[in-house]
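Student: quick one: sequence and predicted model below, then my questions.
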Amino acid sequence: MPLFPTTIAGSLPKPAWLAEPNKLWAPWRLAGAELEDAKRDATLLALKLQEDCGIDVVTDGEQSRQHFVHGFLEFVDGIDFARKVEIGIRADRYKAMVPTVTSALRLKGRVHGREAQLARAHTTRKLKFTLPGPMTIVDTIADTHYGDRVMMAMAFADLLNAEARALAADGVDVVQFDEPAFNVYMREVPDWGIAALHRAIEGLTCASAVHICYGYGIKANIDWKATLGGEWRQYEAIFPALAKSRIDQVSVECRNSHVPMSLLKLLDGKDVQVGVIDVATDEVETPEQVAAVIAEAAKYVAKDKIIAGTNCGMAPMRSDIALAKLAALGKGAELARKKFG
Ligand code: ZN
């Protein structure tokens, strides 16, 4: 691996023939076997585009799932999808209609086996796979069975663990858990959020990562961010606990972020996926801007611990802009290697 290897948070926009573009939760355009074929083709395309842009640790672009949480839940028994209730998620930042856990949770089978094996067969690059984190899942679902968030999180962690181990057996190099809830429940993260992640990575033979973030560039998030003040210091409360954890990598947004970069020092010892691409704006970064964020991060994180990434998923972006941003990521990391390597 080169210095400052590149990766993306996880998702890429889907082609217009697979799902309606520029939209979260976009409905599929096809059904049945046609849909499965289209997901396969979109996954191959996502791999090819990442490779061409110089991305070192590629993903399947999350082309086979409609949403990063519900893509997993679809494969879990014990959830009643017909029983939808409206709850305030992320400490009531937005309302969402969510399904309900009504009995003991069990996996129906493999969740991402098909796309992981497909991706592994078609790229020689390092492969990363994303799963929703236990705390974020329990924040995005209603419950009439467990009656206790922690107990339910641990039950989900066991299911995630089974899938994560299977992904490692498929040849995946990094399993990443997406935990946007980690900047909402700062007290719960050291209390049980990290314990749930530890349960999810138990016995995992590949690297593990956690992606924490202030969310996609959608309106509810942009409005919420406007209330957080000039400096976002939420991570000060959770980074020390993450530094002590057994998770190998932490993915953090840094480009155009109000998170003070000096907080990265608190992640001492971890590999840090430094977000150098802002997904909340259509303005495409220049390689110089990307290299500048890497240089700033290098003041607080050892150079060989820096992975250059995107602030968050790119699923809701225009695909031409996402592609231009991928190219900027690859070129920017290359420039950083030349300048500071
Ligand atoms: Zn994110």
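Tutor: Perfect, thanks for sending it.
Student: what number of residues lie near Pro27?
Tutor: 8 (other CB atoms under 10 Å). C-beta: built from backbone N, CA, C; applies to glycine.
Student: quick one, what contacts Ala333?
Tutor: Pro2, Phe4, Pro5, Thr6, Gly54, Val276, Val290, Ala291, Ile294, Ala308 (CB atoms under 8 Å, 6 or more residues apart in numbering).
Student: sorry, slip of the keys, the one I care about is Ala164.
Tutor: For Ala164, the contact set (CB under 8 Å, 6+ apart) comprises Leu131, Val175, Ala200, Ile201, Leu204, Ser208.
Student: and Leu35, by the same measure?
Tutor: Neighbouring residues of Leu35 by CB under 8 Å, 6+ apart: Trp28.
Student: so which bits of the helix or strand encompassing it are buried?
Tutor: In this structure, Leu35 sits in helix 32-52 according to DSSP states H and E. By 16 or more other CB atoms under 10 Å, the buried positions in helix 32-52 come out as Ala38, Lys39, Arg40, Ala42, Thr43, Leu44, Leu45, Ala46, Leu47, Leu49, Gln50, Glu51.
Student: TSV for those, including distance to Ala157 and pLDDT?
Tutor: Formatted as TSV, the buried residues of helix 32-52 follow (distance: CB to CB, whole Å; pLDDT from 0 to 100):
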residue	distance to Ala157	pLDDT
Ala38	32	98
Lys39	27	98
Arg40	30	98
Ala42	30	98
Thr43	27	98
Leu44	32	98
Leu45	33	98
Ala46	28	98
Leu47	29	98
Leu49	33	98
Gln50	29	98
Glu51	33	98
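Student: mind putting the residues you listed in TSV, distance to the ion included?
Tutor: Converted to TSV, these look like this (distance: CB to the ion, whole Å):
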residue	distance to the ion
Ala38	25
Lys39	22
Arg40	25
Ala42	21
Thr43	20
Leu44	24
Leu45	22
Ala46	17
Leu47	21
Leu49	20
Gln50	18
Glu51	23
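Student: what's the nearest residue to whatever residue of the stretch 151-300 of the chain ends up closest to the ion if we skip its chain neighbours?
Tutor: Relative to the ion, the nearest point of the stretch 151-300 of the chain is Cys213 (3.2 Å; CB to the ion). The shortest distance from Cys213 to any non-neighbouring residue, by CB to CB, 6 or more residues apart in numbering, is to Cys312 (4.7 Å).
Student: where does the prediction get shaky in this protein?
Tutor: Applying pLDDT under 70 to the chain flags the ranges 216-217.
Student: please, where are all the helices along it?
Tutor: 32-52, 70-73, 113-122, 134-138, 149-169, 188, 194-201, 219-225, 239-244, 287-297, 319-340 (DSSP state H).
Student: pick the most deeply packed of these.
Tutor: Ranked by mean neighbour count under mean count of other CB atoms under 10 Å, those are led by helix 134-138, which reaches a mean of 27.
Student: near the ion, which residues of this structure?
Tutor: When proximity is defined as CB under 5 Å from the ion, the chain approaches the ion at Cys213, Cys312.
Student: wait, what's in contact with Lys126?
Tutor: By CB under 8 Å, 6+ apart, Lys126 lies in contact with Met1, Pro5, Asp56, Val57, Val58, Asp173, Val174.
Student: does the third one really touch Ile8, like I thought?
Tutor: No. Under the criterion of CB atoms under 8 Å, Asp56 makes no contact with Ile8, lying 10.6 Å away.
Student: looking at the two, which is more packed in?
Tutor: Ile8 (32 against 18).
Student: so who does the closest residue to the more buried one other than its chain neighbours touch?
Tutor: In space, and not counting its chain neighbours, Ile8 is closest to Thr310: 4.9 Å by CB to CB, 6+ apart. Shown in contact with Thr310 (CB under 8 Å, 6+ apart): Ile8, Ala9, Gly275, Val276, Ile277, Val279, Lys325, Leu329.
Student: just list whatever residues bridge to Thr310.
Tutor: Counting by DSSP bridges, Thr310 forms beta bridges with Ile277.
Student: using TSV, lay out the buried residues of helix 32-52 together with distance to Val284.
Tutor: Formatted as TSV, the buried residues of helix 32-52 follow (distance: CB to CB, whole Å):
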residue	distance to Val284
Ala38	28
Lys39	27
Arg40	29
Ala42	22
Thr43	24
Leu44	25
Leu45	20
Ala46	19
Leu47	22
Leu49	15
Gln50	16
Glu51	20
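Student: understood, closing this out.
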